[in-house]
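Asks: Need a 3D model of the sequence below.
(2 chains)
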Protein chains: 2
Amino acid sequence: MRIALDAMGGDSGAAPNVAGALQAVAAVPDLTVVLVGDPARIEPLLHQSPVPRERVEIVPATQWVEMHELPVEALRRKPDNSISRCWQLLAAHQVDAVVGAGSTGAMVAAGLRTRKFLPRIRRPGIAAVMPTAKGPCVIVDVGANISPKPSDLLQYGIMGSIFAKHLLKREHPTIGLMNIGEEEGKGHDLVRDTFTLFRASRWKDSFRGNVEGRDIHRGAVDVVVTDGFTGNVILKLSEGVLEFVLGLVKQEVVGSLVIERELAGQALKQLLSKYHYSAFGGAPLLGIDGICLICHGSSNDRAICSALTMAANYARARLNELIVAELEALPAEGDDSAVPALDI
Amino acid sequence: MRIALDAMGGDSGAAPNVAGALQAVAAVPDLTVVLVGDPARIEPLLHQSPVPRERVEIVPATQWVEMHELPVEALRRKPDNSISRCWQLLAAHQVDAVVGAGSTGAMVAAGLRTRKFLPRIRRPGIAAVMPTAKGPCVIVDVGANISPKPSDLLQYGIMGSIFAKHLLKREHPTIGLMNIGEEEGKGHDLVRDTFTLFRASRWKDSFRGNVEGRDIHRGAVDVVVTDGFTGNVILKLSEGVLEFVLGLVKQEVVGSLVIERELAGQALKQLLSKYHYSAFGGAPLLGIDGICLICHGSSNDRAICSALTMAANYARARLNELIVAELEALPAEGDDSAVPALDI
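Replies: As a prediction, the model looks like this:
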């Protein structure tokens, strides 16, 4: 198992990436991590480590995409950037998966450029795992495709439920369509047409219809389908509310205690670490012929390590083969499937 | 001060509405509440109360819109419904404001039918107050207009900042545009064009550019501008995450304590009641020539009472006059301002 990691990605440069890679190879026996980036920044970090280095390789890239850059423009201007190099390794079958915490837009755009999509996929979508009162659910898309067609959303539902079944271990995953009301007929054209498409499809029995914002964390469905704009807002907002509420709890609940304040503080810390985004590793870009996990920009070494571990599980589960088999039931798309716009 | 309350609105029928009305007239000396609905259901609830009844009136309506009905269709089929009757009282200047916890779609659609918009307003938007780490912020629109134009979003920003200044007491309210990244150029056409419009407007100094989902609860801006689809998801999702996290805290933090468990439970209860939606009253429909507050469907008597109190404050603040003065700087819209589609 070989995974390419964008060593330059994320808000904190190479350090958490290299540390996460070393933790992952220590934890996963058959894993080799290919660190893609500037050797001058990677090498010193490796030397500090006591971990055996034989399963950590370096592939040089002299450039990298900064978080503030417009993705497509940056990829064009910087041909030797670390993200494109990762994807080239995947396209050349030199690695089984790509993992990165850099610009989501650049990760997706570089992936789309390789054009290695699964059959019938017009636009890949990013799946994020979120905690709910009934265990984790998966939401697709959280930012790869902000102007999807109904047929894209149908594919996200199908891919998401295969993910939920095989990686979240839900026996019969249910699918919900994010909307502003439960009733049929609610929402704009995209959601109304998607509703109709699901109901007419062979996946209609798994489709639970519309779900609202408050249903996600109640665990109403296993798979939430939405456009990449709404999904991105949902993902980041959930994170923001979690942090906000836990901050309030720390101040107003833990702070009100005298005798057991330390005990409560410990329990709160554990809760945060259990439900924090970093516990859920990276978000897979589904629909790619290969494996790609996109990590949070502020990922620490722990988050990078769990993303690498998740990518290895993901490769082992042969999810793409299951997706391809399921998608064969879909009608083939026309010519326009060949030229997706890069609206990221 | 006279306020029409849809006595039939909400998930629990007339009871919380009547109880909330009685609490409000007891608390606000110059307030009269006009209960609009079925007298046979309202009268018995009034008789149970010890509160003086002279400032509670009944205007009969023999029909009401159920939560599952498609709004526009229901309004057409039920001409004597309580929501339309409320708006007719407002249009006839018999009340100063309308408050209701029924179907948001029906409240908005009935309001749009009266066609009493403020000058230059093409489509009213719903403003919701949300708690943040730096005090309350306001988000517009949360569900009245799911397919807005950039010019609508500009108006929501202006109206929202007048609301924030005069009702949330922010001296120089800042405005942020909900997007999937902070950088200019991010997102779909609607947000990119809205960004440009704000930057070219006389409100450009208050405009802080794009904000992401995680910025809202950090209190990054005082006013968050977004389309009604995204805003509705944000509002309901925030509520869902709050409930989910507080449930976890109750179980994993409070539950871990022995000596001070009751104390912590009390503090948690207080926190929930302070930050729960019901503490923020109703959500005003901004852009209407009059005052309309839309309440949560599951509003209890306390929420109805605070919405009525808020509507009274809102009328006293003469917010609409301030909005009209500010909007005069906008270019007049063309013919299409007369025929907004009812996409709710």
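
Asks: From here on, just use CA atoms for contacts and neighbour counts.
Replies: Fine.

Asks: Just list the residues touching A:Arg2, thanks.
Replies: Listed by CA atoms under 8 Å, 6 or more residues apart in numbering or on different chains, the contact set of A:Arg2 reads A:31-34, A:94-97.

Asks: Mark which of these are part of helices, please.
Replies: Among those, no member falls in helices (criterion: DSSP state H).

Asks: most surrounded residue in these?
Replies: The most crowded member of the contacts of A:Arg2, judged by other CA atoms under 10 Å in any protein chain shown, is A:Ala97 (27 neighbours).

Asks: Wondering if the longest helix seen in chain A reaches chain B at all.
Replies: Longest helix in chain A by number of residues (criterion: DSSP H): helix A:228-248. Yes. Contact between helix A:228-248 and chain B is present through A:229-230, A:232-242, A:244-246, A:248 (criterion: CA under 8 Å from any CA of the partner chain).

Asks: what does stretch A:147-162 give?
Replies: Yes. For stretch A:147-162 and chain B, the contact criterion (CA under 8 Å from any CA) is met by A:Ser147.

Asks: circling back: filter the residues of helix A:228-248 next to chain B down to the buried ones, PyMOL style.
Replies: A single PyMOL command selects the buried members of these (16 or more other CA atoms under 10 Å in any protein chain shown):
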select buried, chain A and resi 229+230+232+233+234+235+236+237+238+239+240+241+242+244+245+246+248
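
Asks: Give me the helices and strands touching the longest helix of chain A, please.
Replies: strand A:137-140, helix B:228-248 (3 or more CA pairs under 8 Å, 6 or more residues apart in numbering or on different chains; DSSP states H and E).

Asks: Give me the contacts around it.
Replies: By CA under 8 Å, 6+ apart, the list of residues contacting helix A:228-248 from outside reads A:125, A:128, A:139-148, A:268, A:272, A:276-277, B:132-133, B:179-180, B:187, B:212-218, B:230, B:233-234, B:237-238, B:241-242, B:245-246, B:271.

Asks: swap in stretch A:292-304?
Replies: Contacts for stretch A:292-304 (CA under 8 Å, 6+ apart): A:9-12, A:15-21, A:23, A:97-104, A:107, A:277-286, A:307, A:311.

Asks: Among the residues you listed, which are located in helices?
Replies: Judged by DSSP H, those include A:15-21, A:23, A:104, A:107, A:307, A:311 as members of helices.

Asks: Nearest to A:Arg85, out of those: which one, please.
Replies: Distance to A:Arg85 across the ones in helices among the contacts of stretch A:292-304 (CA to CA) is lowest for A:Met107, with 10.9 Å.

Asks: which ones are touching the closest one?
Replies: So A:Met107 contacts A:83-84, A:100, A:294 (CA under 8 Å, 6+ apart).

Asks: Could you take those residues and lay them out as CSV, with extra columns for distance to B:Glu171 and neighbour count?
Replies: Output for the contacts of A:Met107, formatted as CSV (distance: CA to CA, whole Å; neighbours: other CA atoms under 10 Å in any protein chain shown):
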residue, distance to B:Glu171, neighbour count
A:Ile83, 45, 34
A:Ser84, 47, 26
A:Gly100, 42, 31
A:Ile294, 41, 24
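
Asks: Which one of those is nearest to A:Ala164?
Replies: Among the contacts of A:Met107, and counting by CA to CA, the member closest to A:Ala164 is A:Ile294, at 17.6 Å.

Asks: who touches the spatially most central residue of chain A in this structure?
Replies: Among the residues of chain A, the one closest to the centroid is A:Ala283, at 1.1 Å (CA atoms, centre = their mean). The contact partners of A:Ala283, taken as CA under 8 Å, 6+ apart, are A:126-129, A:293-295.

Asks: which residue sits closest to A:Gly209 in space, ignoring its chain neighbours?
Replies: With CA to CA, 6 or more residues apart in numbering or on different chains as the criterion, A:Gly209 has its nearest non-adjacent residue at 5.4 Å, and that residue is A:Gly176.

Asks: where's the one you found, which helix or strand?
Replies: Using DSSP states H and E, A:Gly176 sits in strand A:175-178.

Asks: for that strand, packing partners?
Replies: Strand A:175-178 is packed against helix A:189-199, strand A:207-211, strand A:223-225, with contacts defined by 3+ CA pairs under 8 Å, 6+ apart.

Asks: circling back to that earlier point, Serialize the ones in helices among the contacts of stretch A:292-304 to TSV and add fields for pLDDT and distance to A:Phe207.
Replies: Output for the ones in helices among the contacts of stretch A:292-304, formatted as TSV (pLDDT from 0 to 100; distance: CA to CA, whole Å):
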residue	pLDDT	distance to A:Phe207
A:Ala15	95	43
A:Pro16	95	40
A:Asn17	96	39
A:Val18	95	42
A:Ala19	94	42
A:Gly20	94	38
A:Ala21	95	39
A:Gln23	92	40
A:Thr104	89	29
A:Met107	93	30
A:Ala307	93	29
A:Ala311	93	28
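
Asks: Just name the closest of those residues to B:Glu54, please.
Replies: For those, the nearest to B:Glu54 is A:Thr104 (62.0 Å; CA to CA).

Asks: how deep is the residue nearest to A:Gly209 tucked in, by neighbour count?
Replies: Neighbour count of A:Gly176, defined by other CA under 10 Å: 26.

Asks: ok, now how distant is it from chain B?
Replies: To chain B, A:Gly176 is 14 Å away according to CA to the nearest CA, to the nearest Å.

Asks: Could you do A:Pro119 as well?
Replies: Distance, A:Pro119 to chain B, by CA to the nearest CA: 27 Å.

Asks: and that residue, that's in a helix?
Replies: No. The secondary structure assignment for A:Pro119 gives coil rather than a helix, going by DSSP: H, G, I helix; E, B strand; the rest coil.
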